[in-house]
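> Dropping the sequence and predicted coords here.
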Amino acid sequence: MAVVQMPARRRHMSALRRREAIAGLLFVLPWIVGILAFTVYPILASLYFSFTDYNIVQPPRWTGFSNYTAIFTSDTDFITGVQNSAYYALISVPLGLVLSLVLALVLNLRVRGVGIYRSLFYLPSLAPPVASTIVFLMLLDPSHGVVNVFLTTLGLPAPAWFSDPSWTKPALILLSLWTSGTATIIFLAGLQEIPQSLIEAAMIDGAGRWQRFWKVILPLLSPVVLFNLVMGVIYSFQVFTQAYIVGHDTGDPVGSTLMYMTLIYRSAFKYFRMGYASALAVLLFVAIVTVTFVIFRVSRAWVFYEGEQHNA
């Protein structure tokens with residue numbers, strides 16, 4: 001029986017591909033190790049600890065679903081944290097999207113010195129959250145803050161902001177809009193990718209500015225809107241630094257700044273209930289995954305990709 005030998009050229013190509021594959025794996029190995037050590041392992045460990053009674057000092061003791069039962073039956077702060085985080089997400093995310101899109105449309109205009117304005121609008125996003133929050137605490141001071149002094153000068157009522165439970169969450173939402181520069185830059189990049197020929201064709205057809213925006217620009221920008229929406233939702237559910245600086249771990253005043261992440265931090269690092277904090281973290285992970293999944297499912301009706309056809 002004759003033995004078919006592989007041609008020398010094919011053997012050389014196979015060896016070259018193996019070397020390239022090995023080199024590629026070596027290049028991505030630090031990333032693989034990092035994601036396994038700092039993402040996958042913490043997620044699996046949190047899932048395990050959520051079924052245990054663990055206080056760091058003593059070994060974890062398996063307790064089954066007792067942590068989850070306690071969350072839904074005996075923890076009154078859980079409802080407060082969920083309500084505050086949901087309120088923050090439902091208001092801050094849409095406002096942030098609208099503001100970022102409007103700023104991107106303005107910064108996309110071909111005017112002199114527009115690069116300077118783009119840098120200025122992005123700079124607040126580079127400020128650390130702690131510094132931004134402290135600055136806002138001074139700006140929104142009920143007695144001597146610049147904002148209240150300005151409102152009083154205009155004859156308008158001056159809210160107590162971070163001292164009044166009814167104004168603390170609006171103040172935190174206002175603080176979140178201060179860092180809209182990142183989403184603005186992403187929207188701006190999406191706007192600059194839209195073919196100018198399509199906009200000019202709409203102008204020739206007699207479309208006005210609003211029609212061009214609604215019928216041409218916004219549909220072509222919808223994938224960018226989806227990206228910023230998902231990232232905004234994920235971030236809003238995990239807001240912690242600003243709320244902690246304002247209300248500490250008690251959510252002062254009257255629990256109005258008690259966010260869900262504050263509950264996790266307080267359970268883990270104040271009361272050392274790592275198992276309970278892990279259960280809270282697992283529920284947060286499930287909530288974020290569920291909301292993200294729903295957003296992606298709904299996005300099929302309003303997100304348009306290049307080359308994709310949608311039936312009216």
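Now that the structure is in, tell me what you want to look at.
> Point me to the residue sitting closest to the centre of this protein.
Geometric centre of the chain, nearest residue: residue 235, 2.6 Å, by C-alpha atoms, centre = their mean.
> Export the helix or strand it falls within to CSV, keeping only CA atoms.
Of the helices and strands defined by DSSP states H and E, residue 235 is found in helix 218-237. The C-alpha trace of helix 218-237 is given here as CSV (Å, rounded to 0.1, in the frame of the first residue of the first chain):
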residue,chain,number,x,y,z
LEU,A,218,-30.1,58.8,14.8
PRO,A,219,-30.6,55.4,13.0
LEU,A,220,-27.0,55.3,11.9
LEU,A,221,-25.9,56.3,15.4
SER,A,222,-28.2,53.7,17.1
PRO,A,223,-25.4,51.1,17.7
VAL,A,224,-23.4,53.8,19.6
VAL,A,225,-26.6,54.7,21.6
LEU,A,226,-26.9,51.0,22.5
PHE,A,227,-23.3,50.8,23.7
ASN,A,228,-23.6,54.0,25.8
LEU,A,229,-26.9,52.8,27.2
VAL,A,230,-25.6,49.4,28.3
MET,A,231,-22.4,50.9,29.8
GLY,A,232,-24.5,53.6,31.5
VAL,A,233,-26.9,51.1,33.1
ILE,A,234,-24.0,48.9,34.3
TYR,A,235,-22.2,51.9,35.8
SER,A,236,-25.4,53.3,37.4
PHE,A,237,-26.1,50.1,39.3
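> what's the offset of the helix or strand that comes right after it from the middle of its chain?
For helix 218-237, the following helix or strand on the C-terminal side (DSSP H and E) is helix 241-247. Taking the mean of its C-alpha atoms, helix 241-247 sits 17 Å from the chain's own mean (C-alpha atoms, centre = their mean, to the nearest Å).
> following helix 241-247, which helix or strand shows up next?
By DSSP H and E, the next helix or strand past helix 241-247 is helix 260-269.
> So which elements touch that following helix?
Counting contacts by 3 or more C-beta pairs under 8 Å, 6 or more residues apart in numbering; DSSP states H and E, helix 260-269 packs against helix 76-107, helix 241-247, helix 274-299. Just so you know, the C-beta spots here come from the backbone N, C-alpha and C atoms, and that holds for glycine as well.
> quick revisit: what residues of the helix holding residue 235 count as buried?
By neighbour count on 16 or more other C-beta atoms under 10 Å, the buried set for helix 218-237 is 220-226, 228-230, 232-233, 235-237.
> Repeat that for stretch 162-178.
162-163, 165, 167-176, 178.
> picking that back up, pick the most buried one from the helices and strands packed on helix 260-269.
helix 241-247 (a mean of 21; mean count of other C-beta atoms under 10 Å).
> neighbouring contacts of it?
Helix 241-247 is contacted by residues 129-130, 132-134, 137, 162, 168, 171-172, 175-176, 251-253, 256-259, 261-262, 265 when judged by C-beta atoms under 8 Å, 6 or more residues apart in numbering.
> which residue ranges form the helices in the stretch 101-250 of the chain?
Applying DSSP state H, counting those that start in this stretch to the stretch 101-250 of the chain gives helices spanning 114-126, 129-139, 146-153, 165-177, 181-193, 196-204, 209-212, 218-237, 241-247.
> Return the third one as CSV; C-alpha atoms alone will do.
Only the C-alpha atoms of helix 146-153 are listed here, as CSV (Å, rounded to 0.1, in the frame of the first residue of the first chain):
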residue,chain,number,x,y,z
VAL,A,146,-22.1,79.0,44.5
VAL,A,147,-25.2,77.4,43.1
ASN,A,148,-27.5,78.4,45.9
VAL,A,149,-26.1,81.9,45.9
PHE,A,150,-26.9,82.2,42.2
LEU,A,151,-30.4,80.8,42.7
THR,A,152,-31.1,83.2,45.5
THR,A,153,-29.9,86.1,43.4
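> quick check: angle from it to helix 129-139?
30 degrees (axes from the mean of the first three to the mean of the last three C-alpha atoms, to 10 degrees).
> now swap in the fifth one and tell me
Regarding helix 181-193 and helix 129-139, their directions subtend 110 degrees when assessed with the same axes, to 10 degrees.
> What average pLDDT does helix 181-193 get?
Mean pLDDT, computed over helix 181-193, is 94.
> now the third one
With pLDDT averaged residue by residue, helix 146-153 scores 92.
> Would you mind listing the buried residues in it?
Residues 147-148 are the ones in helix 146-153 that count as buried (16+ other C-beta under 10 Å).
> can you give me how far that helix is from the chain middle?
32 Å.
> Can you name the residues in contact with that helix?
Applying C-beta under 8 Å, 6+ apart, the external contacts of helix 146-153 come out as 139-142, 157-159, 161.
> Apply 7 Å and report the result again.
Here helix 146-153 makes contact (C-beta atoms under 7 Å, 6 or more residues apart in numbering) with 139-140, 142, 158.
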